[in-house]
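# With the sequence up front, the predicted model follows.
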Amino acid sequence: MNGEMSDVGSGLTLRQVCDILDGEIICRDEFAEQYVASACGCDLMSDVLAFTRPGSVLLTGLANSQVIRTAEMLDLKAVVFVRSKRPDERTIRMAEAIQLVLILSPYPLYESCGRLYAAGLGGCQGITSS
Amino acid sequence: MEVRDMDAATSLHYTFHVHCGDFGKAGDASSRVKRVLQQIGTGPEIVRRVSVACYEAEMNVVIHAHHGMVTLDADLQHISITVEDEGPGIEDIDRAMVPGFSTAPDSIREMGFGAGMGLPNMKSCCNELHIESVKGAGTTVRMIFENA
């Protein structure tokens, strides 16, 4: 996944993201030292496709293959599945193939997002006009 | 503009089959389009716009149609994505362009799609969007991206 944003600098590493969420990395642990500078929490993949910055981490309550495809199209670095929803093996293999880090968070979407925001990880943009 | 592995006289033409109704494979064609564009050295910002638009169009075909193809054409100046399907067609294209308008069933919404953002997303990603649709026969969506 080649996002345009720098791998070094502000933001959190995916390992830190996982720790803040008391989570578990279930795919591509070897890429967990990458930095992310923004995040998006959403179950509507069309909204994710419209508003999410490349190189971000997506938090979602959906655990299907379309989440991985969406992450692929946008060059996202990681997906956090909230409430520890574990995707099936086929979906995990898809993520492996595109070198996407997958994290399980035991917290619900709101709380998962809140924890990361409080730790300094910002959103993908400010107020949207649409 | 990125340096590309094509000289001015060459152009690319690829066609990919869309697996209609198979949500496990939805996005396969767009994933292949993305890989081709990356392999020829297209800039990441353009690759992302083409991929997102193509994926939205492919999802529409998977959701609504019973047969579909994605065609990628690229030369030094332009990338074009043509998504053709045999399906129900779009009854009112102007209405379908309104953000939030959707005819997708609840089962699709539960998968994170069908929120009525597909066509508006496609329009915002590309430089030109052309839609032709015949009710009961099918739809052709053509998107042009300036490769600069």
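The structure has been received and is ready for your questions.
# Look up how far chain A lies from B:Glu128.
19 Å (CB to the nearest CB, to the nearest Å). Yep, even glycine has a C-beta here, placed from its N, CA and C like the rest.
# count of residues packed around that residue?
If you count neighbours by other CB atoms under 10 Å in any protein chain shown, B:Glu128 ends up with 12.
# where does chain A have low pLDDT?
Along chain A, the model assigns pLDDT under 70 to residues A:1-9, A:126-130.
# Show the contacting residues for B:Gly100.
When the contact criterion is CB atoms under 8 Å, 6 or more residues apart in numbering or on different chains, the partners of B:Gly100 are B:115-117.
# can I get the residues you listed in CSV with distance to B:Glu91, pLDDT and neighbour count?
Shown next, in CSV, are those (distance: CB to CB, whole Å; pLDDT from 0 to 100; neighbours: other CB atoms under 10 Å in any protein chain shown):
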residue, distance to B:Glu91, pLDDT, neighbour count
B:Ala115, 19, 87, 19
B:Gly116, 14, 90, 18
B:Met117, 19, 90, 24
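# Out of the residues you listed, which is nearest to chain A?
B:Met117 (3.6 Å; CB to the nearest CB).
# Could you point out the helix or strand that follows the worst-scoring helix or strand of chain B on mean pLDDT?
Lowest by mean pLDDT, DSSP states H and E among the helices and strands of chain B is helix B:106-109, with a mean of 88. Using DSSP states H and E, the helix or strand that follows helix B:106-109 towards the C-terminus is helix B:118-125.
# Can you give the distance from stretch A:43-55 to the centre of its chain?
Distance of stretch A:43-55 from the chain centroid (CA atoms, centre = their mean, to the nearest Å) equals 11 Å.
# before we move on, what about stretch A:55-75?
That offset, for stretch A:55-75, works out to 7 Å (CA atoms, centre = their mean).
# again, but for stretch B:112-129
Remark: stretch B:112-129 is offset 9 Å from the chain centroid, using CA atoms, centre = their mean.
# Enumerate the positions of that stretch that are buried.
Neighbour-count burial for stretch B:112-129 flags B:112-123, B:125-126, B:129 (criterion: 16 or more other CB atoms under 10 Å in any protein chain shown).
# Tell me the residues of chain B that contact chain A?
Residues of chain B lying close to chain A by CB under 8 Å from any CB of the partner chain are B:23-24, B:26-27, B:30-31, B:34, B:38, B:44-45, B:48, B:51-52, B:55-56, B:59, B:99, B:111-113, B:115-118, B:120-121, B:124.
# cutoff 6 Å now
Chain B comes close to chain A at residues B:24, B:27, B:44, B:51-52, B:55, B:111-113, B:115, B:117, B:121, as judged by CB under 6 Å from any CB of the partner chain.
# residue ranges of the strands in the chain, please?
The chain I'm using is chain A. Taking DSSP state E, the strands of chain A run over residues A:12-13, A:24-27, A:35-36, A:39-41, A:57-60, A:78-81, A:101-104.
# I was after chain B.
Under DSSP E, chain B gives strands at B:12-18, B:67-74, B:78-86, B:128-134, B:138-146.
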